[in-house]
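Q: sharing a model prediction with you, sequence too.
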Amino acid sequence: MMMRLLQSRWKENRGRPIVIYALIILLLNVPFLVDAKEPVQDLEQNISRAISILNESRHSEDGSQAVQLQELWELLVKSFDFHEFSKRVLASHWKKFSAREQEVFIDVVSRYIGDSYLRKVLDLYSGEKV
């Protein structure tokens, strides 16, 4: 059912990949952090926390990547508004979705971002300073 929904939405969007729009919006809309009184400070704190998660020696053992991914995911969920992000990705198409479709879309987008990018960060990070 979910694939059929995404395929129909894809066709309505003339085959333009929603993911590309999502990435562009992600890069341009960093200020949409949840409860960010001081966006720059909040962003710096989240980056520092993510780096400390990546650097923690207890995650260097086998099988501990799952713990590390979970901690990074929790940080991402706490600091990013996936509802607003998803709404902006779909733009005028958002209103065409039912409430249930919107929930499913938010879930799919958030899991896609988490699965794709958190794993890359985990695999590619090697102590660089940000």
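A: Great, that's in hand.
Q: what comes up buried for the host helix or strand of Tyr112?
A: Tyr112 is part of helix 99-113, with elements assigned from DSSP states H and E. Using 16 or more other Cβ atoms under 10 Å as the test for burial, helix 99-113 gives Glu101, Gln102, Val104, Phe105, Ile106, Val109, Ser110, Ile113. For every residue, glycine as well, the C-beta is placed using N, CA and C.
Q: any idea how far the third one is from Pro39?
A: So the one you mean is Val104. 29 Å (Cβ to Cβ, to the nearest Å).
Q: count residues in the vicinity of Glu38, would you?
A: 9 (other Cβ atoms under 10 Å).
Q: now swap in the one 3 residues further on and tell me
A: As a burial measure, Gln41 scores 10 neighbours (other Cβ under 10 Å).
Q: could I get the phi/psi values of it?
A: Here is the backbone geometry of Gln41 (degrees, to the nearest 10): phi -70, psi -40.
Q: how many neighbouring residues does Lys96 have?
A: 11.
Q: then Leu54?
A: 17.
Q: that one against Asp123, yeah?
A: No - judged on Cβ atoms under 8 Å, Leu54 makes no contact with Asp123 at a distance of 10.6 Å.
Q: burial measure for Glu128, as a count.
A: Neighbours of Glu128 (other Cβ under 10 Å): 8.
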